[in-house]
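Peer 1: need coordinates for the following:
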Amino acid sequence: MGMKINGLFKRAIIDELLKYIDTDDILVLHGARQVGKTSILYYLQNVLKTKDKPVYYADLEDSRLKTLLDSGPEEFFKHLREEGYDLEKKLYVFIDEIQYLENPSAFLKLTADHYKNLKLIISGSSSFEIKAKFKDSLVGRTLEFEVFNLSFEEFALFKGKPLPTGAGALTKGKVEELKALYKEYALCGGYPKVTLAASRELKEKYIQQIIDTYIRKDIRDLAKIKDVGKFNKLLEVLASQSGNLLNVTELANTCQLSMPTVEKYLFILENTYVIRLLRPFSGNLRSELFKMPKIFFYDTGLMQLLWMKSLLKEVMGNVFETSVFTELVKKYGKDSVFYWRNKDKKEIDFILKRRGSLLPLEVKLNFDRAEPGTIKYFNGKYGLKDYRIVGLTGEPVGKFLIYPWQV
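Peer 2: Numbers count the residues shown, from 1 in each chain. Model (predicted):
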């Protein structure tokens with residue numbers, strides 16, 4: 001992963017995208033604002049250019065290009081020909097911020113139908129907005145990729161301290177360095193621009209900018225939010241609860257909003273990748289039917305700035321748990337992660353479900369406080385042997401205790 005092209009870092013998703021770079025599918029990248037989608041598009045273009053492949057790039061924040069594409073594919077192809085592109089040959093077309101088009105579905109469908117030589121690679125800032133604008137006509141034509149902010153492995157790379165690989169690479173000194181690095185990751189989150197900012201003050205400024213510009217403004221416009229004060233209050237309350245069970249009734253009362261309004265805001269925040277409502281794992285045992293979701297933020301820096309108005313100096317338990325949650329999502333996908341709680345209030349932080357197997361994970365900032373009693377109870381019920389306790393300080397003894405970069 002250590003490659004850099006034209007000053008751009010190689011993100012983990014690049015190799016995945018390159019597998020499909022010559023198929024007939026339309027590749028769609030979506031994720032929150034500022035997580036690096038445009039840089040990924042640039043990186044892919046650079047890879048293609050080094051192989052002498054023709055590429056065309058359109059950023060729809062440029063209103064002239066938006067107008068051109070809105071007037072239909074024919075006009076766009078005319079423009080490509082005028083620019084000197086040979087449409088009889090393969091052309092890689094990158095379109096950034098596709099949600100600005102009046103009707104992206106129609107444009108993409110007509111392009112895919114009539115110009116087989118055009119390979120479309122597109123990005124959009126919010127799945128909510130893209131889904132609203134992508135009609136069913138595109139079913140089976142698109143391959144969707146979710147882009148999150150930096151994983152810890154990418155964060156380490158951006159910091160110039162790539163994770164060591166190979167047996168014996170984790171010396172005691174290296175572990176201490178990684179612990180300090182992970183602490184910074186948990187405290188500042190994984191927005192690329194924030195990661196590369198030199199000072200804490202600058203990091204806070206950039207996160208605040210993301211909150212003001214994208215979360216407050218974008219989402220406000222998207223959701224046609226009338227009472228901005230109450231919406232902001234809701235964001236703050238949610239940030240203080242990351243890692244906790246979400247009680248919508250309580251939330252509505254605290255923010256003086258109606259239940260349907262709270263549910264609408266939650267839906268939008270989830271679909272614009274600000275938060276994730278984590279569902280409970282329910283096996284075949286009726287006694288476990290516990291419906292309330294847990295709330296998690298996708299970025300710990302964002303969560304702290306909304307909640308505390310500044311980045312903390314020390315990692316708190318819920319910040320650490322949130323950071324571990326984001327790592328699991330980036331590695332295994334958001335549909336593979338659950339939590340578990342039964343009627344007796346026995347609870348396990350995360351249940352990782354993949355390839356038909358279950359892995360319970362408990363998060364404890366300090367390994368010395370690890371107590372696997374509930375996990376053993378759960379494993380007994382489900383006939384499992386394996387589990388992990390994820391921590392950062394103290395001594396991880398045995399194979400069940402791991403650091404967050406080992407999840």
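
Peer 1: and the worst-scoring helix or strand of the chain on mean pLDDT, which residues are buried?
Peer 2: Least confident element among the helices and strands of the chain, by mean pLDDT, DSSP states H and E: helix 127-133 (a mean of 72). Buried residues in helix 127-133, counted by 16 or more other C-beta atoms under 10 Å: 127-130, 133. Yep, even glycine has a C-beta here, placed from its N, CA and C like the rest.

Peer 1: check stretch 387-403 too.
Peer 2: 387-392, 396, 401-403.

Peer 1: now swap in stretch 342-360 and tell me
Peer 2: So, applying 16+ other C-beta under 10 Å, buried residues of stretch 342-360: 342, 347-352, 358-360.

Peer 1: just those now: which is nearest Leu245?
Peer 2: Glu347 (9.1 Å; C-beta to C-beta).

Peer 1: any weak-confidence spans in the stretch 51-200 of the chain?
Peer 2: 127, 166-169 (pLDDT under 70).

Peer 1: let's see it at 80
Peer 2: 125-139, 165-170 (pLDDT under 80).

Peer 1: try the stretch 251-400 of the chain
Peer 2: Applying pLDDT under 80 to the stretch 251-400 of the chain flags the ranges 282-291.

Peer 1: can you give me the helices in it?
Peer 2: Taking DSSP state H, counting those that start in this stretch as the test, the helices found in the stretch 251-400 of the chain are 259-271, 300-308, 317-332, 373-382.

Peer 1: which residues touch the first one?
Peer 2: When contacts are defined by C-beta atoms under 8 Å, 6 or more residues apart in numbering, helix 259-271 is touched by residues 126-128, 131, 219, 222-223, 225, 231, 234-235, 238, 246, 248-249, 251-252, 255, 257, 275-277.

Peer 1: let's see that with 7 Å instead.
Peer 2: 126-128, 219, 222-223, 231, 234, 248-249, 251-252, 255, 275-277 (C-beta atoms under 7 Å, 6 or more residues apart in numbering).

Peer 1: what's the neighbour count on Glu88?
Peer 2: Neighbours of Glu88 under the rule other C-beta atoms under 10 Å: 7.

Peer 1: still on that earlier bit, can you say which of the helices of the stretch 251-400 of the chain is nearest to Ala180?
Peer 2: When the helices of the stretch 251-400 of the chain are compared (using C-beta to C-beta), the closest one is helix 317-332, at 14.2 Å.

Peer 1: quick one: the strands in the stretch 1-150 of the chain?
Peer 2: Under the criterion DSSP state E, counting those that start in this stretch, strands of the stretch 1-150 of the chain are mapped to 4-5, 8-9, 26-30, 55-59, 91-96, 118-124, 142-146.

Peer 1: check which helices and strands the first one sits against.
Peer 2: Using 3 or more C-beta pairs under 7 Å, 6 or more residues apart in numbering; DSSP states H and E as the contact definition, the elements that strand 4-5 packs against are helix 37-50.

Peer 1: name the residues of the helix it packs on that are buried.
Peer 2: Across helix 37-50, burial judged by 16+ other C-beta under 10 Å covers 37-45, 47-48.

Peer 1: just the closest of those residues to Thr322, please.
Peer 2: For the buried residues of helix 37-50, the residue nearest Thr322 by C-beta to C-beta is Lys37; the value is 22.3 Å.

Peer 1: for the closest one, which non-adjacent residue is spatially closest?
Peer 2: In this structure, Lys37 finds its nearest non-sequential neighbour in Ser123, 4.4 Å apart by C-beta to C-beta, 6 or more residues apart in numbering.

Peer 1: how about that neighbour, what does it touch?
Peer 2: 29-30, 37-38, 41, 96-98.

Peer 1: just the pLDDT for Gly2.
Peer 2: For Gly2, the pLDDT comes out at 48.

Peer 1: returning to what we had before: could the contacts of Ser123 be laid out in a markdown table, adding distance to Leu65?
Peer 2: Below are the contacts of Ser123 laid out as a markdown table (distance: C-beta to C-beta, whole Å):
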| residue | distance to Leu65 |
| --- | --- |
| Leu29 | 18 |
| His30 | 19 |
| Lys37 | 17 |
| Thr38 | 14 |
| Leu41 | 14 |
| Asp96 | 10 |
| Glu97 | 10 |
| Ile98 | 11 |
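
Peer 1: just give me the closest of the buried residues of stretch 342-360 to Val319.
Peer 2: For these, the residue nearest Val319 by C-beta to C-beta is Asp349; the value is 13.7 Å.

Peer 1: for Lys291, see how far away that closest one is.
Peer 2: Separation of Asp349 from Lys291 (C-beta to C-beta, to the nearest Å): 18 Å.

Peer 1: how about stretch 316-332: buried residues?
Peer 2: Neighbour-count burial for stretch 316-332, counted by 16+ other C-beta under 10 Å, picks out 316, 318-331.

Peer 1: just checking, what packs against the helix or strand where Gly229 lies?
Peer 2: If you go by DSSP states H and E, Gly229 is part of helix 228-240. Secondary-structure packing of helix 228-240 (3+ C-beta pairs under 7 Å, 6+ apart): helix 248-255, helix 259-271, helix 300-308.
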